[in-house]
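Trainee: Build the 3D model from these lines:
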Amino acid sequence: MNRERRRTVRAHHGAVRRGKVLPAVIAVVLIGLLVLGALPRLRQSRDRQLERTASTAVPTVFTELVTRDTNGTALDVPASLAGIHETGIYARTNGFVKSLRVDLGSKVKAGDTLAVLDLPDIAEQLRQARASAEQVEATAALARSTLTRWRSMRESKAVTPQEVDEKEAAVNVADAAVRVARASVANLMEVARFGALIAPFAGVITSRSIDQGALVSSGAVTGNRPLMTLVQLDTVRAMLNVPQSAAMHVHVGQTATLLAHDLGNAAFTGRITLTASAIDPVTRTLLVELQVPNSDRRLLPGMYAHVSLRVAATGTGLRVPATALIIRADGPQVAAVDKGKAHLIKIVLGRDFGTTLEVLKGVTEGMALIVNPSEQLSEGASVNAIARGAKAPAHAP
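Mentor: So this is what the prediction gives:
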């Protein structure tokens, strides 16, 4: 009996304890759920507050000044090299190659024989011309003898003066025929002399298109390749096209540096000797010839090179940092800072110098421009401008 009462009492005490713990557990769970739901909202509220703070803060920008172009500009333009003298060797008349005295790469002097041509047609024509000359000379001699006799008969009045005049005219005609015949012989002899191809100047044979026994045609007619090409290499010419913007600052006698990349960027100093004195309407460039000494013959005709010209400054151009340029739909702009405000200014660009740009219109010397401006930068925006190179002020924590 006592044992059953003790069980009943323990059961009652357990139920009382469970009735007290359960509400506490439920309360703890509810509080945890409220905390978990409130944290994201608190985080979002804090982020929004930070965004509002950032949007209302004045951005710090760096500036550089607009400068005047006083140092000149290094202009780098491509160029093609050629010999100071370069010519194709052609035959004066048709014939066959009798002998070759030179080959590809041969060095020759002025007056050297390059090749000898066999001219059978010219030789036959020369024989005929000489025979014709002998014939007309004989006719002229007979006419002179006849005139002498008729003049003696005129003294005895055996012939009339009219007949004597006719004989004198016949002598004049015969003498003229002699001169024509001799001129024809001389012309053919001159053509025959061209059977020997002579070097017009000292140089190097850079091409050859004939072999011994080959048939050659006269002249540089369309489709006719030169028999040989002779190039003088002691001095080379660099032909370059200078842009119109710099053409007015390039003049004869100006020195320039030629860089040959294939020779390890070796530098050669040359001098401008010729300019076209006119702008090409198609390319808007000025053709310029630069002559470069080449005594060691390292520079070869046909090579590609770069020429660096120093273009003098006019003192009127303005330069701005390339990083200050803003490209938008309404054209190129820069952002100037005045009294803590950003102002967008439209500009007209000139030449591109890499790190700087020439501006023809829109800015003035000494104007402070924002470098690396933000895409969100707008007209009249407040900014904290710091000159490039100066230290930004320290902010309080």
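
Trainee: Would you map the helices across the stretch 151-300 of the chain?
Mentor: In the stretch 151-300 of the chain, the helices defined using DSSP state H, counting those that start in this stretch lie at 161-193, 244-247.

Trainee: among those helices, which gets the worst mean confidence?
Mentor: The minimum mean pLDDT among the helices of the stretch 151-300 of the chain belongs to helix 244-247 (a mean of 83).

Trainee: buried set for it?
Mentor: Using 16 or more other Cβ atoms under 10 Å as the test for burial, helix 244-247 gives 246-247. All C-beta spots, glycine's among them, are computed from the backbone N, C-alpha and C.

Trainee: check contacts around the residue nearest the centre of the chain.
Mentor: Centroid-nearest residue in the chain: residue 78, 3.6 Å away (criterion: Cα atoms, centre = their mean). For residue 78, the contact set (Cβ atoms under 8 Å, 6 or more residues apart in numbering) comprises 240, 304-307.

Trainee: Now do the buried residues in the helix or strand hosting it.
Mentor: Using DSSP states H and E, the element containing residue 78 is strand 73-89. By neighbour count with 16+ other Cβ under 10 Å, strand 73-89 contains the buried residues 73, 75, 77, 79, 81-87, 89.

Trainee: Direction included, what does it pair up with?
Mentor: Applying DSSP bridges, strand 73-89 is found paired with strand 228-243 (antiparallel), strand 304-311 (antiparallel).

Trainee: The helix or strand just after the last one packs against which elements?
Mentor: Same thing as strand 304-311. Next along the chain after strand 304-311, taking DSSP H and E as the criterion, comes strand 318-321. Using 3 or more Cβ pairs under 8 Å, 6 or more residues apart in numbering; DSSP states H and E, the elements in contact with strand 318-321 are strand 67-68, strand 356-361.

Trainee: How about residues contacting strand 318-321?
Mentor: With Cβ under 8 Å, 6+ apart, strand 318-321 has contacts from 64, 66-69, 334, 347, 353, 355-359, 363-365, 369, 371.

Trainee: Give me the buried subset of these.
Mentor: Using 16+ other Cβ under 10 Å as the burial test, those include 64, 66-67, 69, 334, 347, 356-359, 363, 369, 371 as buried.

Trainee: Now tabulate these in CSV and tack on pLDDT.
Mentor: Output for the buried ones among the contacts of strand 318-321, formatted as CSV (pLDDT from 0 to 100):
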residue, pLDDT
64, 91
66, 90
67, 87
69, 75
334, 93
347, 91
356, 85
357, 86
358, 84
359, 88
363, 90
369, 93
371, 92
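
Trainee: Quick one: mean pLDDT for stretch 267-280?
Mentor: For stretch 267-280, the mean pLDDT works out to 93.

Trainee: Kindly report the same for stretch 112-122.
Mentor: For stretch 112-122, the mean pLDDT works out to 91.

Trainee: Going by neighbour count, list what's buried in it.
Mentor: Within stretch 112-122, the residues scored as buried using 16+ other Cβ under 10 Å are 114-117, 119, 122.

Trainee: Put together TSV for the strands paired with strand 73-89, with mean neighbour count on each row.
Mentor: Output for these, formatted as TSV (neighbours: other Cβ atoms under 10 Å):
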stretch	mean neighbour count
strand 228-243	21
strand 304-311	18
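
Trainee: Quick one, which of those gets closest to residue 328.
Mentor: Of all the strands paired with strand 73-89, it is strand 228-243 that lies closest to residue 328, at 26.8 Å by Cβ to Cβ.

Trainee: Would you mind putting the helices of the stretch 151-300 of the chain into a markdown table with distance to residue 256 alongside?
Mentor: Converted to a markdown table, these look like this (distance: least, Cβ to Cβ, whole Å):
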| stretch | distance to residue 256 |
| --- | --- |
| helix 161-193 | 44 |
| helix 244-247 | 12 |
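
Trainee: which of those helices is buried the deepest?
Mentor: helix 244-247 (a mean of 16; mean count of other Cβ atoms under 10 Å).
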